[in-house]
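> Requesting a structural model of the entry that follows:
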Amino acid sequence: MSIRDLFSKSKKRSVTIQTGNEKTFPEGLMMKCPACRKIHLSKEIEQNLKVCPSCQHHLKMTAQERIASFLDEGTFESFDDHLQTTNPLNFPAYVEKVQVDMKKTGLNEAVLTGEGKLKGESVIVAVMDSHFRMGSMGSVVGEKITRAIERATELRVPFIIFTASGGARMQEGVLSLMQMAKTSVALKRHSEAGLLYISILTHPTTGGVSASFASIGDYNIAEPQALIGFAGRRVIEQTVREKLPEDFQTAEFLLEHGQLDAIFKRSDMRDKIATLVKLHVKGGATHV
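Here you go, the predicted model:
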């Protein structure tokens, strides 16, 4: 065996679990919870909507998994999948890295947008995916979200977004930052049309995304223990010269201090959001 064979990425690996009697399992069969560190069958966690059965930690979901668990089966139709990221600042290897994530996730960018039914009600949804460049917001992400909002306004249906992001994508400079304003303006027009906007913040929602469209919903909802904030803990502590609370920037902290309206467990998310939508659509009051 050569050195090249030894370190080949295509070579299938296995994991060894110490249980007294040493056993080897194929890679991917087992999954360790990043919170409680307990090991479960991957299939068990996937069937539990990517929530740890032991500690209820909400693991990250792909955009496709989120759509499948949230919307009525077979109703989702994506749009703007043709939009492609360019390299306006000629940042080294930027496009190549985006292309790697395209192959890995099956998405054209870090957000999946489309139309579907939520318990029979028509909605437009946008789902950010942290597996794609950490969900960072570049010009294509901002454009897709803006077009989705405008489609919802045109069709006079609610707009729902699941946010998950490390913030604005600095490889695109000011073009990424301007997406904060562009998406917010589209949401303002949606609001002026008397239409509903629900923002669901998942782990993590940070940076420019948290400072713009993620925080201005008619309802701002979060998943348990989601990290939500703008700057990092250490930066804030060094700036204000104070020690921050241990639960600072968690969904629970933000709910207690009034930035969130509610925290919904993933298992309850579909039913509770559908109830909010029906209350507004059926009641004729489509805006809070």
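
> check contacts around the nearest residue to residue 166 once chain neighbours are set aside.
Closest residue to residue 166 apart from its sequence neighbours, by CB to CB, 6 or more residues apart in numbering: residue 134 at 3.9 Å. Placement of C-beta: from N, CA and C, glycine included. By CB atoms under 8 Å, 6 or more residues apart in numbering, the residues touching residue 134 are 110, 165-166.

> Now pLDDT too, for the residues you listed, in TSV please.
Formatted as TSV, the contacts of residue 134 follow (pLDDT from 0 to 100):
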residue	pLDDT
110	98
165	97
166	95
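
> In the stretch 1-150 of the chain, where is pLDDT below threshold?
In the predicted model, the stretch 1-150 of the chain carries pLDDT under 70 at residues 1-27.

> ranges for the helices of it?
Assigned by DSSP state H, counting those that start in this stretch, the helices in the stretch 1-150 of the chain fall at 3-6, 42-47, 63-70, 94-105, 139-155.

> about what we covered before: how far away is the residue nearest to residue 166 from residue 44?
Using CB to CB, to the nearest Å, residue 134 is found at 27 Å from residue 44.

> Next: residue 59.
As judged by CB to CB, residue 59 and residue 44 stand 12 Å apart.

> Next: residue 75.
Counting by CB to CB, the separation of residue 75 from residue 44 is 27 Å.

> More neighbours: these two, which one.
Neighbour count, other CB atoms under 10 Å: between residue 75 and residue 44, residue 75 has more, with 15 against 12.

> wait, what's in contact with that one?
116-117.

> Relative to residue 136, how far out is it?
29 Å.

> Surely residue 255 and residue 263 touch.
Yes: at 5.6 Å, residue 255 and residue 263 qualify as touching, with contact defined as CB atoms under 8 Å.

> list residues touching both of these two?
Here residue 255 and residue 263 have residue 222 as joint contacts, going by CB under 8 Å, 6+ apart.

> and the nearest residue to residue 89 once chain neighbours are set aside, what pLDDT?
Leaving out its chain neighbours, the residue that sits closest to residue 89 by CB to CB, 6+ apart is residue 173, at 5.4 Å. Residue 173 is assigned 95 on the pLDDT scale.
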